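Asker: this is a predicted model, with the sequence first.
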Amino acid sequence: MPAHEPRPGLPLRIEPDGWLADGPGLLRRPSPNHDARPGDEAPYLLVIHNISLPPGIFTGDAIIDFFQNRLDFASHPWFENIRDLRVSAHFLIRRDGTIVQFVPTVLRAWHAGASSFEGRERCNDFSIGIELEGTDTLAYTDAQYGRLDALATAIRARHPIRAVRGHEHIAPGRKTDPGASFDWKRFEQGADGHETTHHRHHPGGR
């Protein structure tokens, strides 16, 4: 396997500055769509999203360009729907398992929008956002589940994450991702197929 390609079983590590340590299958593409967390609060919520640009298309770098405010809106008619948005998650996991980081975890990425968790609004203030390249109805790849497990483990080693939710759970009626195609039980079990404790606090957890 070439050195630059993802290695599903390779552990990940987040540095003190909130960036993933360099490794195969990891890209750093800084986004301007972030700011400081109020009071430098430590994030305790992990939010899982999905995205594809244009919808259902998994080729090219439109997502990266969009999160970096560099998207060529004239390149596809659908892009007019998002012309005025300035958003970014902390991470994107592509179909092949490549992880792209846009914002360090210690900062507030603009990923959740109007949202609420346990009665508290503005989930961006206290959450970390992970985008999966995909749609609500198409199954995510084995590579994505493996890398999501490794990334969530690294995030929990760096931050006091105590809950995991989909965008649909913190913005019901407005958002539907990651959708029915996301297997929460598989995520809970982790990459080795055995139940873990570090993902248990998801919508179907105990």
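Answerer: Sure thing, it's come through.

Asker: make it CA atoms for all contacts and neighbour counts henceforth
Answerer: Fine.

Asker: what about Gly60, how many neighbours?
Answerer: Number of residues near Gly60 (other CA atoms under 10 Å) recorded here: 10.

Asker: that one belongs to a helix?
Answerer: No. Counting by DSSP: H, G, I helix; E, B strand; the rest coil, Gly60 falls outside a helix, being coil.

Asker: distance check, it against Pro54.
Answerer: Gly60 is 10 Å from Pro54, where distance means CA to CA, to the nearest Å.

Asker: what strand or helix carries the residue nearest the centre of the chain?
Answerer: Nearest residue to the geometric centre of the chain (CA atoms, centre = their mean): Ile130, 0.7 Å. Assigned by DSSP states H and E, Ile130 belongs to strand 127-133.

Asker: quick check: which helices or strands does the very next helix or strand once past that strand pack against?
Answerer: The helix or strand immediately downstream of strand 127-133 is helix 142-158, counting by DSSP H and E. Other helices and strands packing on helix 142-158, by 3 or more CA pairs under 8 Å, 6 or more residues apart in numbering; DSSP states H and E, are strand 91-93, helix 184-189.

Asker: and the last one, how far out from the chain's middle?
Answerer: What it means is helix 184-189. 16 Å (CA atoms, centre = their mean, to the nearest Å).

Asker: tell me the buried residues in that helix?
Answerer: Across helix 184-189, burial judged by 16 or more other CA atoms under 10 Å covers 184-185, 187-189.

Asker: quick one: contacts for Trp14?
Answerer: Rather than Trp, residue 14 is Ile. By CA atoms under 8 Å, 6 or more residues apart in numbering, Ile14 lies in contact with 20-21, 154-155, 158.
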